[in-house]
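[1] Everything below, folded, please.
(one chain, ligands or ions: 1)
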Amino acid sequence: MFGDRTGTKRHLGPEGLDGLGGHTAQQAHVYDRSARRAVVRTQKASNNVGKVRVIKNGQLLSKPFLKLDTDTSYFRGVLGITLDPNFSSNHYVYVFYTATSPTVHNRVSRFTANGAVAVASSEKVIIELPILGTTGGHYGGSLRFATDGGLYVGVGDGVADETATNVAQSLDSLNGKILRINSDGTIPSNNPFFNSTSGNSRAIWALGVRQPYSLDVLSGTSPRMYINDVVEDGWEEIDEAAAGANYGWGFPNSPPFYEGFVASPDPTLQNYQNTVFAYAHGTTADTSCAITGGRSTTRPRCASPPSTRASTSTPTTAADG
Ligand SMILES: [Ca+2]
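    Numbers count the residues shown, from 1 in each chain. Below you'll find the predicted structure:
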């Protein structure tokens with residue numbers, strides 16, 4: 001079915017595969033070498049079923065690869081997918097989705113493929129994420145293996161009203177973080193906070209993100225990974241991933257939080273890493289796009305300097321998510 005080299009991109013919005021529309025119709029694509037694709041799709045439906053569908057040779061297969069009980073309220077649902085680097089031999093597929101039992105929360109699970117369908121009851125939970133609140137929030141959902149073998153997970157701050165908390169700065173929460181875990185769900189002992197935290201917090205690899213919808217690895221002799229982070233109403237960021245980095249969201253303890261390029265970061269913010277590129281929102285359809293997807297490439301198509309940005313934000317009517 002799939003190959004072993006994958007990339008991901010996500011779309012939110014009305015361009016659903018079968019004409020599914022609305023804010024909660026969500027898709028992720030996993031490509032293989034022969035351009036066959038797996039598509040994650042979740043649909044606002046009375047039975048809250050999320051599906052992973054396969055496109056083979058340009059045709060959507062009628063039988064879903066996987067069906068999951070999920071919650072499609074707010075930004076929830078089936079939010080991310082990636083393949084194991086050794087998929088060709090182990091057939092593992094990883095999915096980030098909103099689980100409904102015992103309490104609504106996000107989860108990363110591993111499933112085993114048998115051709116174009118998942119083996120029944122093959123789900124292995126890789127990591128359980130925090131219980132969700134009763135209102136909306138930012139959940140991220142990006143999944144990507146890096147060349148070090150680690151599975152990187154982008155988790156949003158989970159906050160409906162970001163003025164209420166700085167959870168992305170707290171090592172006591174998995175929200176607002178980039179996690180690094182092993183493919184079997186264990187936590188690498190060389191994670192940057194492994195020895196200074198306990199439990200699942202040891203999976204925290206970087207902090208201070210708001211809504212990391214996607215991340216991608218630039219391969220090569222010095223692999224680099226980039227995080228695409230939807231920040232507040234005015235700015236979108238592309239951040240270069242680094243172990244232990246703090247990307248600033250949720251700092252300081254009360255608004256205005258850091259977002260975009262910060263010219264003079266507070267020296268008390270340890271390991272702060274400025275964005276490598278940020279773009280401001282306009283108020284038109286062409287200039288108000290949230291950074292919900294993105295691929296990393298070595299092709300020098302559009303070198304641009306970082307935007308200059310102070311630490312305050314100016315609310316606009318631009319896209320947010
Ligand atoms: Ca930032």
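[2] quick one, strands of the stretch 1-150 of the chain?
    8-12, 26-31, 37-42, 49-56, 59-60, 66-69, 78-83, 92-99, 105-114, 117-118, 124-131, 140-145 (DSSP state E, counting those that start in this stretch).
[3] I'd like the mean pLDDT over the second one, please.
    Looking back up the chat, that one is strand 26-31. On average, the pLDDT along strand 26-31 is 58.
[4] Can you report how many residues lie near the single nearest residue of the stretch 51-200 of the chain relative to the ion?
    Of all residues in the stretch 51-200 of the chain, Ala168 sits closest to the ion, at 9.7 Å by C-beta to the ion. Every residue, glycine included, has its C-beta placed from N, CA and C. Using other C-beta atoms under 10 Å, the number of residues around Ala168 comes to 27.
[5] With Lys63 instead?
    Neighbours of Lys63 under the rule other C-beta under 10 Å: 9.
[6] Touching, it and Asn114? I think so.
    No: here Lys63 lies out of contact with Asn114, judged by C-beta atoms under 8 Å, at a distance of 12.0 Å.
[7] Make JSON lines from the strands of the stretch 1-150 of the chain and add mean neighbour count and distance to Pro212 to it.
    Output for the strands of the stretch 1-150 of the chain, formatted as JSON lines (neighbours: other C-beta atoms under 10 Å; distance: least, C-beta to C-beta, whole Å):
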{"stretch": "strand 8-12", "mean neighbour count": "19", "distance to Pro212": "11"}
{"stretch": "strand 26-31", "mean neighbour count": "23", "distance to Pro212": "14"}
{"stretch": "strand 37-42", "mean neighbour count": "23", "distance to Pro212": "16"}
{"stretch": "strand 49-56", "mean neighbour count": "20", "distance to Pro212": "20"}
{"stretch": "strand 59-60", "mean neighbour count": "12", "distance to Pro212": "28"}
{"stretch": "strand 66-69", "mean neighbour count": "19", "distance to Pro212": "21"}
{"stretch": "strand 78-83", "mean neighbour count": "26", "distance to Pro212": "10"}
{"stretch": "strand 92-99", "mean neighbour count": "24", "distance to Pro212": "11"}
{"stretch": "strand 105-114", "mean neighbour count": "21", "distance to Pro212": "13"}
{"stretch": "strand 117-118", "mean neighbour count": "18", "distance to Pro212": "26"}
{"stretch": "strand 124-131", "mean neighbour count": "16", "distance to Pro212": "13"}
{"stretch": "strand 140-145", "mean neighbour count": "27", "distance to Pro212": "5"}
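[8] mind putting these in a markdown table, distance to Tyr213 included?
    Shown next, in a markdown table, are the strands of the stretch 1-150 of the chain (distance: least, C-beta to C-beta, whole Å):
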| stretch | distance to Tyr213 |
| --- | --- |
| strand 8-12 | 6 |
| strand 26-31 | 10 |
| strand 37-42 | 13 |
| strand 49-56 | 17 |
| strand 59-60 | 24 |
| strand 66-69 | 19 |
| strand 78-83 | 8 |
| strand 92-99 | 11 |
| strand 105-114 | 13 |
| strand 117-118 | 24 |
| strand 124-131 | 15 |
| strand 140-145 | 6 |
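[9] Any idea which of those gets closest to Trp235?
    Distance to Trp235, taken as C-beta to C-beta, is lowest for strand 140-145 among those, at 17.0 Å.
[10] what's the distance between that closest one and the middle of its chain?
    Put simply, strand 140-145 sits 4 Å off its chain's centre (C-alpha atoms, centre = their mean, to the nearest Å).
[11] Helix or strand next in line after that strand, which one?
    Next along the chain after strand 140-145, taking DSSP states H and E as the criterion, comes strand 151-155.
[12] helices or strands up against that following strand?
    Identification of packing neighbours for strand 151-155 by 3 or more C-beta pairs under 8 Å, 6 or more residues apart in numbering; DSSP states H and E yields strand 105-114, strand 124-131, strand 140-145, strand 177-181, strand 214-218.
[13] I'd like these as TSV, with mean pLDDT appended.
    Putting these into TSV (pLDDT from 0 to 100) gives the following:
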stretch	mean pLDDT
strand 105-114	96
strand 124-131	96
strand 140-145	92
strand 177-181	97
strand 214-218	83
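[14] From Gly282, how far out is Arg53?
    Computed as C-beta to C-beta, to the nearest Å, the Arg53 to Gly282 distance reads 34 Å.
[15] rewinding a little: wait, which of the helices and strands packed on strand 151-155 is closest to Val231?
    strand 140-145 (12.8 Å).
[16] Give me the residues contacting the closest one.
    Identification of contacts with strand 140-145 by C-beta atoms under 8 Å, 6 or more residues apart in numbering yields 8, 10, 28, 79-82, 84-85, 94-96, 106, 108, 151-156, 183, 209, 211-217, 225, 227-228.
[17] Work out the sheet partners of it and label each with its direction, please.
    strand 151-155 (antiparallel) (DSSP bridges).
[18] CA atoms of the strand it pairs with as CSV?
    The C-alpha atoms that make up strand 151-155 are tabulated as CSV, following Å, rounded to 0.1, in the frame of the first residue of the first chain:
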residue,chain,number,x,y,z
LEU,A,151,8.5,10.4,16.6
TYR,A,152,7.8,14.1,17.0
VAL,A,153,4.4,15.3,18.0
GLY,A,154,3.1,18.8,17.8
VAL,A,155,0.6,19.5,20.6
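[19] Nothing else from me, thank you.
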